[in-house]
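Asker: Any chance you can model this:
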Amino acid sequence: NALAPLVLHGPTVTLRPLTAADAAPLAAAAAESRAHYAYTRVPDGVEDARAYIATALAERESRGRLAFAILWRDRIVGSTSYLDVQQWRWPAGSPLQRTGIPDALEIGATWLAASAQRTRCNTEAKHLLLSQAFDVWRVHRVTLKTDARNMQSRLAIERLGAAFEGVLRAHMPAQDATIRDSAYYSIVRAEW
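Answerer: Numbering: from 1, shown residues only. Next up, the predicted model:
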């Protein structure tokens, strides 16, 4: 089952399932500096971190989300998720039909502590997620999206080699209580 708990290990980053016990270290990571969180939902304080984690865990069932704590050099520095994990309905007899693993998914809801930003941490974390998706599950597509105004996030996505697909206008509520346009990117299996 694709949504079974999953731990991914890299040279300096470990991604493990986010748990209620992560509230205090997650809040501490978010508190380092909030200067770059204008467009991203990042918990503010321990109580908000508890609510953030509860929402992420509830969305596992309702929205196909698999939320991770990002540990960099053995310290929690943020969170990321697989979102919108999809198993497609194939025509009867299709050789592409499979069960128990996703056909497509999104990587998102990613944020990092200030001390981990502009380091290799995000690249390594994304590589772990992409490798699991393409090399293990053999998905056909990975989507990445961000607030169209978030140039730091857009540049990070582009550095991963994702193709820009366009902007979905008036797509969803923005973190600053406006209506957000979302910049969409993707990586397909042939590009991995």
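
Asker: How far away from the center of its chain is the biggest helix by length in the chain?
Answerer: Longest helix in the chain by number of residues (criterion: DSSP state H): helix 46-63. Distance of helix 46-63 from its chain centroid, counting by Cα atoms, centre = their mean, to the nearest Å, is 14 Å.

Asker: same question, stretch 4-23
Answerer: Using Cα atoms, centre = their mean, the offset of stretch 4-23 from its chain centre is 12 Å.

Asker: follow-up on the earlier one: what mean pLDDT does the next helix-or-strand element following the longest helix of the chain have?
Answerer: For helix 46-63, the following helix or strand on the C-terminal side (DSSP states H and E) is strand 66-72. With pLDDT averaged residue by residue, strand 66-72 scores 97.

Asker: The longest helix of the chain - contacts with which helices or strands?
Answerer: If contacts are counted by 3 or more Cβ pairs under 8 Å, 6 or more residues apart in numbering; DSSP states H and E, helix 46-63 sits against helix 23-31, strand 66-72, strand 75-86. Using the backbone N, CA and C atoms, a C-beta is placed for each residue, glycine as well.

Asker: Pick the most deeply packed of these.
Answerer: strand 66-72 (a mean of 23; mean count of other Cβ atoms under 10 Å).

Asker: starting at the chain centroid, how far to that strand?
Answerer: Centroid separation between strand 66-72 and its chain, computed with Cα atoms, centre = their mean, is 9 Å.

Asker: With stretch 111-120 instead?
Answerer: On Cα atoms, centre = their mean, the centre of stretch 111-120 falls 14 Å from that of its chain.

Asker: got the end-to-end distance for that stretch?
Answerer: Stretch 111-120 has an end-to-end distance of 14 Å (Cα to Cα, to the nearest Å).

Asker: Out of the helices and strands packed on helix 46-63, which is closest to residue 176?
Answerer: Smallest distance to residue 176 across the helices and strands packed on helix 46-63 (Cβ to Cβ): 16.8 Å, for helix 23-31.
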